[in-house]
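[1] Sequence first, predicted coordinates after that:
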Amino acid sequence: MKQDALVQATAHHVEQLFSGEGSGHDWFHIKRVWQNAITIGQAENADLFIVQLGALLHDIADWKFHNGDEEAGPRAATVWLSSHGTPTPVIKQVCQIIKEVSYKGAGVATNPSSLEGRVVQDADRLDAIGAIGIARAFAYGGFKNREMYNPTQPPEVHATFEAYQKNQSATLNHFYEKLFLLKDRFTTATGRQLAEQRHVYMQEFVKEFLQEWHGAEDVPVAFVV
């Protein structure tokens, strides 16, 4: 199958799988990551064929929805790509991107081993911050039956992936445990530039949220932006 045809077939396949998903990891999230990855990939001179397949398949079987199984995504991607006669080197590159794309805790380094992986990771992280990132955080929190905010439950610095996986804290904690940290973890110049304004928007949102919640009371130190 030609490259363009495979990309379009993959997009259609993923759209069918994830349309209507309610946790913030739906088809429109994947589509935004796909488009952001093209934008970043073009600016960074990455292989756009690999970038597009990696972006479209990055959430094909996310560990968060497969009992923490980090190999679920690469397995599902391999089955799909193999069924369309994709060369083994391409499958390996795409699967490596899927393995390396996720955030795994404040204390865990997650630097992709290829330029294409860095592009897809930055595109995915871009959709985790800003106005859409805020909406997705609360959508996922509701999906997981988490409180919006609990001032008696401070954020945690997760030193290991295992600790991050087990985290069940309120959604606002997620801003301190992940979202506010992402700005300094973008690994392409284009991604860093695109992240700046979205980061500022999140900070302003959280400040307003805490002001409305606490009123004249003092905001707990752990939640001062």
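    Nice, thanks for sending it over.
[2] From here on, just use CA atoms for contacts and neighbour counts.
    Fine.
[3] which residue packs closest to A139, ignoring adjacent ones?
    Of all residues not flanking A139 in the chain, S23 sits nearest, at 5.4 Å (CA to CA, 6 or more residues apart in numbering).
[4] sorry, that was for P151
    Per CA to CA, 6+ apart, closest to P151 is P220, 6.8 Å.
[5] Can you report how many residues lie near the one you found?
    Applying other CA atoms under 10 Å, we find 13 residues neighbouring P220.
[6] Do I have it right that it meets N150?
    No: counting by CA atoms under 8 Å, N150 is not a contact partner of P220; they are 10.5 Å apart.
[7] Neighbours of the closest residue to D47 other than its chain neighbours, how many?
    Once flanking residues are discounted, D47 sits nearest to E116: 6.6 Å by CA to CA, 6+ apart. Using other CA under 10 Å, the number of residues around E116 comes to 28.
[8] sec struct for E116, please.
    helix (DSSP: H, G, I helix; E, B strand; the rest coil).
[9] and it, what does it touch?
    By CA atoms under 8 Å, 6 or more residues apart in numbering, the residues touching E116 are 41, 46-48, 50-51, 97.
[10] Make JSON lines from the residues you listed and add neighbour count to it.
    Converted to JSON lines, those look like this (neighbours: other CA atoms under 10 Å):
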{"residue": "G41", "neighbour count": "28"}
{"residue": "A46", "neighbour count": "19"}
{"residue": "D47", "neighbour count": "14"}
{"residue": "L48", "neighbour count": "17"}
{"residue": "I50", "neighbour count": "21"}
{"residue": "V51", "neighbour count": "27"}
{"residue": "I97", "neighbour count": "29"}
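[11] between these, which is nearest V200?
    The nearest member of the contacts of E116 to V200, counting by CA to CA, is G41 at 23.9 Å.
[12] Show me which residues of the host helix or strand of that closest one are buried.
    Assigned by DSSP states H and E, G41 falls within helix 27-44. For helix 27-44, a neighbour-count test (16 or more other CA atoms under 10 Å) marks 27, 29-34, 36-41, 44 as buried.
[13] Not counting that helix itself, show me its contacts.
    14-15, 17-21, 47-48, 51-52, 55-56, 59, 116, 119-120, 122-124, 126-127, 188, 190-191.
[14] Next secondary structure after the helix or strand bottoming out on mean pLDDT in the chain?
    The helix or strand of the chain with the poorest confidence is helix 161-166; it has a mean of 84 (mean pLDDT, DSSP states H and E). Downstream of helix 161-166, the first helix or strand assigned by DSSP H and E is helix 171-177.
[15] Touching that following helix from outside, list them.
    105-106, 137-138, 141, 146-149, 154-158, 223.
[16] Just the buried ones out of the residues you listed, please.
    105-106, 137-138, 141, 146, 149, 154-156, 158, 223.
[17] So which of the residues you listed sit within helices?
    Judged by DSSP state H, those include 137-138, 141 as members of helices.
[18] So S169 is in contact with Q153, correct?
    Yes: assessed by CA under 8 Å, S169 is found in contact with Q153 at 7.4 Å.
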